[in-house]
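*Asks:* Show me how the following folds:
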Amino acid sequence: MLAISPLRRTDVTDRLAAGAFRVAVVIPCYRVREQVADVVDAIGPEIDLIYVVDDACPEHSGEHLLARCADPRVQVLVHEANQGVGGAVITGYRQALADGAEIVVKLDGDGQMAPALIPRLVAPIMEGRADYTKGNRFWNLEDAGTMPPARMAGNIALSFLTKLSSGYWGVFDPTNGFTAIHAAVLRELPLNKIARRYFFESDMLFRIGILRGLVVDVPMTAVYHDAPSSLRIGRVLLPFFARNMFNTAKRILYRYFLRDFSIASIQLLAGLALLSFGTVFGIREWSISTESGVVASTGTVMLAALPVILGVQLLLSFLSFDVAGTPARAVHPLLETPRFTAVTRRKP
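*Replies:* Now for the predicted structure:
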């Protein structure tokens, strides 16, 4: 995954203000009554549409916002039942597509993300250098130091799992909710299948990876308030591990066996077979040797060790191929419907 330095904010803002792109912002709301109005007020005039999705918030965040916000760009969408952050964002995504948005930004309503960074986030998409951009709170080590230790440890663990499941080996901070996506790519995603709750961001990366979209990390600084996060790392780590492993298996199946079959596919199959055989055979012979008291012969040891060594080497080669195969070109230009100009031909 690439990390691209943003254009100057004034350049991007000028292009947005000129109507070069129709940009929408989706804000999922749950227990953010005291913060969401300030977040909306901070969104610049270059943004065309703002969707605030009240996810059955017990504080009635959407109703509270409407009572004090006169911004004509704001539309409040209300869920009768809580669907999770992913469900709220997907509702906003669907409405943004229906209203003709070309780029859709997801911004949390708790005030941890500065709306002033939206032009920086959308710049790579505007220039055709990305299909999906996301914030990275670890870009600046001093900023990363402000992150609570539990979140830091959880993000490191989740980042590695997301690398496996998405194929974006340069991605970091996978649970970061500050994202932007091109509408042409968003239309191709199976929105009805994407995870509705905290796994949403990781599942989005997996789905975009299946499309071979280009993902770009954008440096950002988060602001942490005194209010505790509703995301409990200890509670979600095991479910995240299971879902990431499932997505990893699906990604490998899709890419290396259904869409294509290459030398990397053979390396993976041979590596797993040799490693499995060597491990099972070695454990079996070790058990027999332990029970009988007879030391295994050199040939037996080599018969167990050699497949393990070869298997590990083949799997490392496969991993190297997978890392090198990270998408490097945006796909949204291929997904957009071209506009043709009719040409009137003169009769000879």
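
*Asks:* hey, where'd the strands end up in this structure?
*Replies:* 2-3, 23-29, 49-54, 74-78, 103-106, 132-136, 179-182, 215-219 (DSSP state E).

*Asks:* and stretch 31-50, what's its mean pLDDT?
*Replies:* Mean pLDDT, stretch 31-50: 94.

*Asks:* quick one: it to chain centroid distance?
*Replies:* 23 Å (CA atoms, centre = their mean, to the nearest Å).

*Asks:* buried sites along that stretch?
*Replies:* 31-33, 35-37, 39-40, 43, 46-50 (16 or more other CB atoms under 10 Å). The C-beta positions use only the backbone N, C-alpha and C, and glycine is treated the same way.

*Asks:* Could you work out the most separated pair of these?
*Replies:* Arg31 and Glu46 (28.9 Å; CB to CB).

*Asks:* which one of the strands of the chain lies closest to Glu142?
*Replies:* strand 215-219 (11.6 Å).

*Asks:* residues in contact with that closest one?
*Replies:* 1-4, 6, 117, 120-121, 124, 129-136, 139-140, 168, 170-173, 178, 205, 208-209, 327 (CB atoms under 8 Å, 6 or more residues apart in numbering).

*Asks:* that older thread, make TSV out of the strands of the chain and add distance to Pro333.
*Replies:* As requested, the strands of the chain are exported to TSV (distance: least, CB to CB, whole Å):
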stretch	distance to Pro333
strand 2-3	16
strand 23-29	18
strand 49-54	23
strand 74-78	29
strand 103-106	14
strand 132-136	14
strand 179-182	9
strand 215-219	15
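
*Asks:* Show me the one of these that comes nearest Ser292.
*Replies:* Closest to Ser292 of those, according to CB to CB: strand 215-219, at 55.4 Å.

*Asks:* Okay, now the sheet partners of that closest one, with direction.
*Replies:* strand 2-3 (parallel), strand 132-136 (parallel) (DSSP bridges).

*Asks:* hmm, back to that, least confident of the strands of the chain, on average?
*Replies:* When I compare these, strand 2-3 is least confident, with a mean of 45.

*Asks:* okay, now the domains of the protein?
*Replies:* 2-255, 261-325 (automatic domain parsing).

*Asks:* Compare those and give me the one nearest Leu334.
*Replies:* Once those are compared by CB to CB, domain 2-255 is nearest, at 8.5 Å.

*Asks:* Okay then, goodbye and thanks.
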